[in-house]
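Asks: Turn this into a structure:
(one chain, ligands or ions: 2)
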Amino acid sequence: MAIELRSSVKYGTVLSFTVLLLAYWFRSPQSVLDERLGAVLSSLLRAERKVGMNNIARPRVAIGFGGCVDIIVDGVTLMNKIGLQPTNQPLHHDYIENVEQLAESFAYFFAPGAASERLVVNDTLFSHLVEASRELPGNRWSIGGNAPVMAGRMASEGCDVLLGGSFSPDFNDYLSEHITVAGNTVEEPDIHLILEYPSGATWGPYTSRRANRYIVHSDDHNPYLDSMEDFEKKLQGFKPDLLVVGGLQMMDNFPFNQGEREALLSRLAQLLSSASPQTNVHFEMASFVDEALMSDLLELVLPHADSLGMNEQELPNLLSLLRGSTVTVLSDPNPRVATVLDQMRELYRVINLRHSLRQAGRGRPLTRLHVHTLAFQAMIVTQGSQWKNTMSATAKASLTANRHVCGSSNIDPSKARLILDESFSVSRTEGSQRIPLQESRPVSCWTEDEYEICVAPVLVCTEVYQTAGGGDNISAAGLVLQI
Ligand SMILES: *[C@@H]1O[C@H](CO)[C@@H](O)[C@H](O)[C@H]1NC(C)=O
Ligand SMILES: CC(=O)N[C@H]1CO[C@H](CO)[C@@H](O)[C@@H]1O
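Replies: Ligands and ions are numbered 1, 2, ... in the order given. The predicted structure is shown next:
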């Protein structure tokens, strides 16, 4: 009897301990996570506010080139609407000629959830896609293109902007009063079709690993950089603090006449090399697969940039070409911090090596590199260079990622998730230092050699409103605090 009692007491203790443990197990991780997220959010907001822009008059930013009207639809809904069956053969195509290639190309990027942008060379197919999109319930229209999106973000962050692009007459009505357009007037603007998909969307046998978009276009104006002449004229009087070049991917695989593309990029090189030393130059990378174009960019555009912005797909692609290899069409859409930092260091080193080998006085050294990924933002900035406030800029870039994708300037922690681990390694080299993610100081900055590196976690938006234009908003937001 006594023995029985003792064992039941013991049993009871074990039971209540187990209940306690279970309660801890089920409830606690979530609330601990929420607390952690809230702490990271308020620390990032504090870091963002730490520097204002009110120390100088409105910064002046000139941004080229191009622009378009975006039609934003749900990608899978559009595929269903046009009756396009999921292909059993995901395949990369440099450009799209028919529906079969569209299905193969979409499937190729949709499953990994990698951002991509392709030219449709079949006008009949492209108009058919645009017509079908117009009829889709829930479609949205907006001003698109790298230059106008960056211009919009810069203007709303307090800059005066000169925007190089050719737009239709009614375009001005939609622009901020702080944006002046340089370029021609066109009657029919170029249209880009944005096929968005959330994380976990399915199309036949494919499930997307993360939210992203697949973009198709069939531009008539943008590939010719036809605003360049007017932009160049107005640039001299505008005297920008920062000159941004983006949108050149519209030249990718475009059927130019012989020598036409090189001529355009040589003119751009001239424009950039005549920029005053007081004007910083930033080049925003994009989804390029045309190796001839990429090699022109390496020769004619990159040498004139102080700063580069790109995502986790564009970084390995550029690096591969600089190593003398071919384009990488698809890379890990969720890379680790250590991998990205190693790639950034190498890119920084190679570009600056190329600079030092050029004739003295030609081009500029690279002093800033910003890489935006889903889980984190990373920047390398040369110490003692013109770029200020790298820590706050990295925090702002991170917050902008959530704001843009969730479609709201107020960040709601219940619609956000931290996917960065609790600590990260600074390199894949064995024995590298690990840096813990501190909630009260989430942006980690340290120096190596002659540069500073900052990494900030992103509060990844879980209720996606729009991914397209994210990179442009993020890059622009980062730049704004650094000029
Ligand atoms: C262009 O697309 C249309 C519509 O899908 C198709 O009928 C036609 O065969 C395509 N042309 C080529 C050259 O593939
Ligand atoms: C979060 C955010 O501000 N996103 C913006 C990105 O840029 C476009 C164009 O300027 C805006 O319309 C978005 O609101």
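
Asks: Closest residue of this structure to ligand 2?
Replies: Proximity of the chain to ligand 2 (CB to the nearest ligand atom) peaks at residue 152, 2.1 Å away. Just so you know, the C-beta spots here come from the backbone N, C-alpha and C atoms, and that holds for glycine as well.

Asks: quick one: secondary structure of that residue?
Replies: Under DSSP: H, G, I helix; E, B strand; the rest coil, residue 152 falls in the helix class.

Asks: Same check on the one 10 residues further on?
Replies: Classification of residue 162 into helix, strand or coil gives strand, according to three-state DSSP.

Asks: sorry, back to before: would you confirm that the residue of the chain closest to ligand 2 contacts residue 143?
Replies: Yes. Using CB atoms under 8 Å, residue 152 makes contact with residue 143 at a distance of 7.3 Å.

Asks: shared neighbours, these two?
Replies: residue 175 (CB atoms under 8 Å, 6 or more residues apart in numbering).

Asks: So for those two, which sits in the more crowded spot?
Replies: Neighbour tally, residue 152 and residue 143, criterion other CB atoms under 10 Å: the higher count belongs to residue 152, 24 against 19.

Asks: The protein: helices as residue ranges?
Replies: Along the chain, the segments classed as helices by DSSP state H run 2-49, 75-81, 99-110, 123-135, 146-156, 228-238, 260-273, 291-300, 314-322, 337-357, 390-406, 470-480.

Asks: Give me the mean pLDDT for the longest one.
Replies: Regarding helix 2-49, the rounded mean pLDDT is 66.

Asks: hang on, the earlier thing: in contact with the residue of the chain closest to ligand 2, which residues?
Replies: 143, 175-176, 179 are the contacts of residue 152 under CB under 8 Å, 6+ apart.

Asks: mind running it again at 10 Å?
Replies: Counting by CB atoms under 10 Å, 6 or more residues apart in numbering, residue 152 touches 63, 142-143, 161, 163, 174-176, 178-179, 469, 472-473, 476.

Asks: Please apply the same query to residue 142.
Replies: 68-72, 148-149, 152, 174, 194, 466, 468-469.

Asks: switch the cut-off to 6 Å
Replies: residue 70 (CB atoms under 6 Å, 6 or more residues apart in numbering).

Asks: can you pull up the bridge partners for it?
Replies: In this entry, residue 142 is beta-bridged to residue 70, by DSSP bridges.

Asks: Show the model's pLDDT score for it.
Replies: On pLDDT, residue 142 comes in at 92.

Asks: before we move on, the earlier item: next, format the contacts of residue 152 as CSV and append distance to ligand 1.
Replies: Listed next are the contacts of residue 152 as CSV, based on distance: CB to the nearest ligand atom, whole Å:
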residue, distance to ligand 1
63, 35
142, 26
143, 28
161, 39
163, 34
174, 32
175, 35
176, 39
178, 42
179, 37
469, 28
472, 30
473, 34
476, 36
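
Asks: From those, pick the one nearest residue 386.
Replies: Within these, proximity to residue 386 (CB to CB) peaks at residue 476, which comes in at 17.5 Å.

Asks: and the closest one, how many neighbours?
Replies: Residue 476 is flanked by 32 other residues according to other CB under 10 Å.

Asks: Now do it, the pLDDT please.
Replies: Note for residue 476: predicted pLDDT of 97.

Asks: and this structure, which residues reach ligand 1?
Replies: Contact residues (CB under 6 Å from any ligand atom) of the chain with ligand 1: 97-99, 122, 124-125, 128.

Asks: Show me which of those residues are buried.
Replies: The neighbour-count test (16 or more other CB atoms under 10 Å) marks 99, 122, 125 as buried among the residues of the chain next to ligand 1.

Asks: Tell me how far residue 348 lies from residue 468.
Replies: 28 Å (CB to CB, to the nearest Å).

Asks: Looking at the stretch 301-450 of the chain, which residue is nearest ligand 1?
Replies: Across the stretch 301-450 of the chain, no residue is closer to ligand 1 than residue 329, which sits at 21.6 Å (CB to the nearest ligand atom).

Asks: hang on, that residue packs against residue 92?
Replies: Yes. Counting by CB atoms under 6 Å, residue 329 touches residue 92, with 4.8 Å between them.
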